[in-house]
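> coords please:
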Amino acid sequence: MSKRKRRDGGPRDTTPPPAPDPLRVPVWDAHTHLDLQDTTPADALSAAAAVGVDTLVQVGIDVPSSVWAARTAAAHERVHATVALHPNEAPRIVLGDPDGWSGQRRAPGGAAALDAAIAEIDRLAALPHVRGVGETGLDYFRTGDEGVATQQESFRRHIEIAKRHRKPLVIHDREAHADVLRILAEEGAPERVVFHCFSGDAEMAKTCAEHGYVMSFAGNVTYPSAQPLRDALTVAPTELILVETDAPFLTPVPYRGRPNAPYLVPITVRAMAEVKGLAEDDLAAALAANAERAFAPA
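Sure, this is the predicted structure:
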């Protein structure tokens with residue numbers, strides 16, 4: 001698979017930010033998209049390791065990227081894969097994209113196309129170097145009302161795959177908190193659930209903590225407007241949090257708008273430590289242990 005192009009046109013300033021000071025205690029980047037970054041997996045691993053980020057979770061969002069994630073994880077010991085159809089991908093498969101809102105202009109594939117795509121995700125999820133099922137979930141920001149039912153069906157089917165393969169479910173939740181929590185309750189959540197790029201407030205964080213759901217925080221926790229995220233991080237139990245980049249997106253302050261990459265994780269770790277009132281090394285040790293537990297082999 002060739003690398004995909006960013007559908008949003010990419011950052012205006014494409015200059016890579018400088019490397020931050022290394023962490024003394026290594027951590028994981030719990031969610032990244034190397035296939036959208038201007039690098040190779042080997043170079044990304046090297047740059048990340050130089051600043052104390054020793055493991056990357058490469059996340060699939062459709063069938064081609066999930067295949068790429070699985071192959072990349074098989075080739076690199078310190079890369080782990082997750083596989084899924086992104087919540088916006090499911091409606092594109094079923095309904096097509098005649099207006100080109102996603103930049104893909106697909107013809108409708110109908111239910112049979114969704115069945116085939118989910119069958120391939122199921123096949124990939126069984127592989128030993130695939131450590132999770134995701135990013136799946138719900139996203140009501142871009143998909144119109146006509147796509148909601150397909151998103152929810154896809155989410156339910158991914159939950160079943162995660163439970164059957166005994167692998168963590170990695171959730172993308174955008175403007176859909178209540179429905180995500182409702183469907184998890186209705187289907188019965190897998191033993192391990194990770195809310196990628198946690199977007200809820202303090203009350204949502206408390207609800208997730210009550211269920212033992214892991215909350216992964218990205219560079220947007222550093223944004224001036226993100227006080228609700230910092231409030232959520234404040235109340236989230238330290239044993240239930242992760243750090244991620246979602247690179248090449250969500251580059252932390254002061255480099256917002258420039259391309260993100262796993263080597264920038266230390267900036268977010270230090271911001272999180274300040275919010276939590278923890279020593280940097282103590283938080284890093286907790287984040288590493290949490291990632292090992294969340295993405296442990298089935």
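> how about the strands in the stretch 51-200 of the chain?
53-59, 79-83, 130-139, 169-174, 193-195 (DSSP state E, counting those that start in this stretch).
> wait, which of the ones you listed is closest to residue 283?
Judged by CB to CB, the one of those that comes nearest to residue 283 is strand 53-59, at 14.0 Å. Heads up, the C-betas are built off the backbone N, CA and C, glycines and all.
> Identify the residues contacting the closest one?
With CB atoms under 8 Å, 6 or more residues apart in numbering as the test, strand 53-59 has contacts from 23, 26-35, 41, 44-45, 48, 69, 72-73, 78-82, 84, 131-132, 134-135, 170, 196, 244, 262-263, 265-266, 291, 295.
> go with 6 Å
With CB atoms under 6 Å, 6 or more residues apart in numbering as the test, strand 53-59 has contacts from 26-32, 34, 69, 72, 78-82, 135, 262, 265.
> How about stretch 276-288?
With CB under 6 Å, 6+ apart as the test, stretch 276-288 has contacts from 23-25, 27, 238, 243, 269, 273.
> which parts of that stretch are buried?
Within stretch 276-288, the residues that count as buried by 16 or more other CB atoms under 10 Å are 276, 280, 283-288.
> Using CSV, write out every CA atom in that stretch.
Extracted in CSV, the C-alpha atoms of stretch 276-288 (Å, rounded to 0.1, in the frame of the first residue of the first chain):
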residue,chain,number,x,y,z
LYS,A,276,-2.1,16.2,37.2
GLY,A,277,0.4,17.7,39.7
LEU,A,278,2.8,14.8,39.2
ALA,A,279,6.5,14.5,38.7
GLU,A,280,7.3,13.9,35.0
ASP,A,281,9.1,10.6,35.7
ASP,A,282,6.2,9.3,37.9
LEU,A,283,3.6,10.1,35.2
ALA,A,284,5.8,8.6,32.4
ALA,A,285,6.1,5.4,34.4
ALA,A,286,2.4,5.2,34.9
LEU,A,287,1.7,6.0,31.2
ALA,A,288,4.1,3.2,30.1
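> as a whole number, average confidence for that stretch?
The average pLDDT for stretch 276-288 rounds to 98.
> Stretch 148-160 too?
On average, stretch 148-160 scores 97.
> ok, now stretch 79-90?
Rounded mean pLDDT across stretch 79-90 is 97.
> What about the closest residue to residue 78 other than its chain neighbours, how many residues nearby?
Nearest non-adjacent residue to residue 78, counting by CB to CB, 6 or more residues apart in numbering: residue 55, 5.0 Å away. Number of residues near residue 55 (other CB atoms under 10 Å) recorded here: 22.
> Who is residue 55 paired with across the strands?
residue 28 (DSSP bridges).
> That one and residue 32, how far apart?
10 Å (CB to CB, to the nearest Å).
> For the stretch 151-298 of the chain, which segments are assigned as helices?
In the stretch 151-298 of the chain, the helices defined using DSSP state H, counting those that start in this stretch lie at 177-187, 202-211, 227-235, 265-276, 280-294.
> now the longest one and strand 79-83, what's the angle there?
Inter-element angle recorded for helix 280-294 and strand 79-83: 50 degrees (by axes from the mean of the first three to the mean of the last three CA atoms, to 10 degrees).
> for helix 280-294, the distance to its chain's centre please.
Remark: helix 280-294 is offset 17 Å from the chain centroid, using CA atoms, centre = their mean, to the nearest Å.
> and the angle from that helix to strand 130-139?
Computed by the same axes, to 10 degrees, the angle separating helix 280-294 from strand 130-139 equals 100 degrees.
> again, but for the second one
Using the same axes, to 10 degrees, the interaxial angle of helix 202-211 with respect to strand 130-139 works out to 140 degrees.
> Alpha carbons of helix 202-211, in CSV - could you do that?
The C-alpha trace of helix 202-211 is given here as CSV (Å, rounded to 0.1, in the frame of the first residue of the first chain):
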residue,chain,number,x,y,z
ALA,A,202,-14.9,16.0,33.7
GLU,A,203,-18.3,14.3,34.1
MET,A,204,-17.6,12.1,31.1
ALA,A,205,-14.2,11.2,32.5
LYS,A,206,-15.8,10.2,35.8
THR,A,207,-18.3,8.0,33.9
CYS,A,208,-15.5,6.4,32.0
ALA,A,209,-13.5,5.8,35.2
GLU,A,210,-16.5,4.1,36.8
HIS,A,211,-16.5,1.6,34.0
